[in-house]
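K.L.:
Got a predicted model here, sequence first, then my questions.
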Amino acid sequence: MGYQTTSPFYDIDYSTSEPCQKTDVRQIAARLLPPLYSLVFICGSLGNMLVILVLIKYVKLKRVADIYLLNLAISDLLFVLTLPLWAHYAAHSWVFGNRMCQLSIGLYFIGFFSGIFFIILLTIDRYLAIVHPVIPLKVSTVAFGVVSSGVTWLVAVFASLPGIIFTKSQKEDFLESEKESVYSCGPYFPPQWRNFHIIMITILSLVLPLLVMIICYSAILKTLLQCLPRKKHKAVRLIFVIMIVYFLFWAPYNIVLLLSTFQEIFGLSDFETSSRLDQAMQVTETLGMTHCCINPIIYAFVGEKFRRYLSMFFRKHVAKHLCKPRCPVFCGKTVERVSSRNTPSAGEQELSIA
C-alpha cells in the first residue's frame, strides 16, 4: 500500500510505476489543504460552539428535536477537531505517533457517522410530527431524546470500528524524491475488508439518508399541502435544508470514493483515469470536510429564532462589556430592552431554533 492521502477512507498509491502525476496530487494537497483546513477549523469550531451555547442557554433542550440538534453540533465539533492534524499531515508527514493516528481517525469516523445519523433522526422526527402527530405525543420526551441519542452514538462508534481497528501509522521509505523517511496515517485494510468498508460507507452515508429523505419528505410535502398552517413550514424547512446541504457536500465524495474503489469493475483502471480520480478525491473530500461548519450558517439564515438568540447573547454579554465603561446607563437599558423583546413566547414553533 502506498503513501496515504489525508483521507481516512481511501489511499492513493504513490508507489506505482508512474508516480509523477500522483506525486503532483500530493504536492497540490500540501499547498492548498493546510490553509483551507485551518479556516474550516476556526469557522466550524466557533459556529458549532455558538449553536451548543444557544441550545443549552436559551432553548433549554425541552424537545427531542433540540436534543438531536445539540448532538448534531457535537458531531460536527468532533469532526472539526481533527482538521489541524490533517492540515499538518497534508503539508508534511504524520509525526504524531500511532495512538494519535488511531484517535484522530476514530474521531473523524465517529463525527462523520453520528452527524449522518442525527440528520436522519431529525428528518424522522419532523415526519412523525407532521404526518403522524399522535405518535410524538407518546415518544417526544426529553428522556426518549437522551436514550435515542445514546443509542445513536453507540451505533456510530460500532460503524467506525473497522476504520479504527485497521488504522496505523507506519514508515514509508519508497519515495525516491523524499530525502527523509515519511510516515503515513490511515486505515490499511486487507482487500476484502476495504471493499466492505467502502460499501458500508456508501450505504450509510448516501443510500440510507437518500431513502429516508425521499420517503419522509414526500409524505411531509403531501400533508403540508393539504391541511397544516404555514407556521409549521419553517420547522420542516430547516431540517430539509440541512439534509439537502448534506447531500450537496458529501454525495460527490461518496460517488468518487465508490468509483475509485471499484475502478476495474467500472472500466476506469487506466493510469490517466486513475490519476484524475485521485484528484477528484482530494477536491470532493475537501468539499465534504467543509460541511462541518455549514450547519451553523444554515441556522443563521433559515432559523429566525436562532438569529434572535444570537443577537440576545451578543448584546447581553459582548456589547455589554464593550460599551458599559463608556455609557453604563444607556447600555443597561438597551440590554433590558433587547432581552424582553427577544424572549420567545411559550407558543412559538416546535423546532426551537427555526
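P.N.:
Everything's here; your move. Numbers count the residues shown, from 1 in each chain.
K.L.:
Report the separation between Thr82 and Val131.
P.N.:
37 Å (C-beta to C-beta, to the nearest Å). Backbone N, C-alpha and C define where each C-beta goes, glycine included.
K.L.:
Comparing these two, which shows the higher neighbour count?
P.N.:
Between Thr82 and Val131, Thr82 has the larger neighbour count (other C-beta atoms under 10 Å), namely 24 against 15.
K.L.:
how close does that one sit to Phe109?
P.N.:
Counting by C-beta to C-beta, the gap from Thr82 to Phe109 is 10 Å.
K.L.:
buried residues in the host helix or strand of Asp76?
P.N.:
Taking DSSP states H and E as the criterion, Asp76 maps to helix 64-81. Residues 64-81 are the ones in helix 64-81 that count as buried (16 or more other C-beta atoms under 10 Å).
K.L.:
Low-confidence bits of the protein, can you list those?
P.N.:
Residues of the chain that meet the criterion pLDDT under 70 lie in 1-26, 134-140, 173-180, 227-235, 317-352, 354.
K.L.:
Just want the most central residue of this protein.
P.N.:
Centroid-nearest residue in the chain: Cys292, 3.9 Å away (criterion: C-alpha atoms, centre = their mean).
K.L.:
my guess is that one meets Gly44, correct?
P.N.:
Yes: if you go by C-beta atoms under 8 Å, Cys292 and Gly44 touch, sitting 4.5 Å apart.
K.L.:
Residues in contact with both of these two, list them for me.
P.N.:
Both Cys292 and Gly44 are contacted by Asp76, Leu77, Phe79, Val80, under the criterion C-beta atoms under 8 Å, 6 or more residues apart in numbering.
K.L.:
which residues does the third one contact?
P.N.:
Taking C-beta under 8 Å, 6+ apart, we find Phe79 in contact with Gly44, Leu107, Tyr108, Gly111, Phe112, Gly115, Met289, Cys292.
K.L.:
can you list those in JSON lines and add secondary structure?
P.N.:
As requested, the contacts of Phe79 are arranged in JSON lines below (DSSP: H, G, I helix; E, B strand; the rest coil):
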{"residue": "Gly44", "secondary structure": "helix"}
{"residue": "Leu107", "secondary structure": "helix"}
{"residue": "Tyr108", "secondary structure": "helix"}
{"residue": "Gly111", "secondary structure": "helix"}
{"residue": "Phe112", "secondary structure": "helix"}
{"residue": "Gly115", "secondary structure": "helix"}
{"residue": "Met289", "secondary structure": "helix"}
{"residue": "Cys292", "secondary structure": "helix"}
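K.L.:
Of those, just say which sits nearest to Ile165.
P.N.:
Distance to Ile165 across those (C-beta to C-beta) is lowest for Tyr108, with 14.3 Å.
K.L.:
ranges for the helices of the stretch 251-354 of the chain?
P.N.:
With DSSP state H, counting those that start in this stretch as the criterion, the stretch 251-354 of the chain has helices at 271-289, 295-302, 304-313, 319-323, 328-342.
K.L.:
Show me what counts as buried in the first one.
P.N.:
Going back to what we said before, that points to helix 271-289. For helix 271-289, using 16+ other C-beta under 10 Å, the buried residues are 274-275, 277-282, 284-286, 288-289.
K.L.:
What is the nearest of the residues you listed to Ser148?
P.N.:
Among those, and counting by C-beta to C-beta, the member closest to Ser148 is Gly288, at 25.7 Å.
K.L.:
correct me, but the closest one touches Phe249?
P.N.:
Yes: counting by C-beta under 8 Å, Phe249 is a contact partner of Gly288 at 5.4 Å.
K.L.:
How about the contacts made by Val142?
P.N.:
Taking C-beta under 8 Å, 6+ apart, one finds Leu61, Lys62, Arg63, Val64, Ile67 in contact with Val142.
K.L.:
try Ile242
P.N.:
By C-beta under 8 Å, 6+ apart, the neighbours of Ile242 are Leu72, Ile119, Leu122, Asn295, Ile298.
K.L.:
Quick one: classify Trp94 as helix, strand or coil.
P.N.:
coil.
K.L.:
so how far is Ser181 from it?
P.N.:
11 Å.
K.L.:
Between those two, which has more neighbouring residues?
P.N.:
A direct count of neighbours by other C-beta under 10 Å for Trp94 and Ser181 places Trp94 higher, at 24 against 11.
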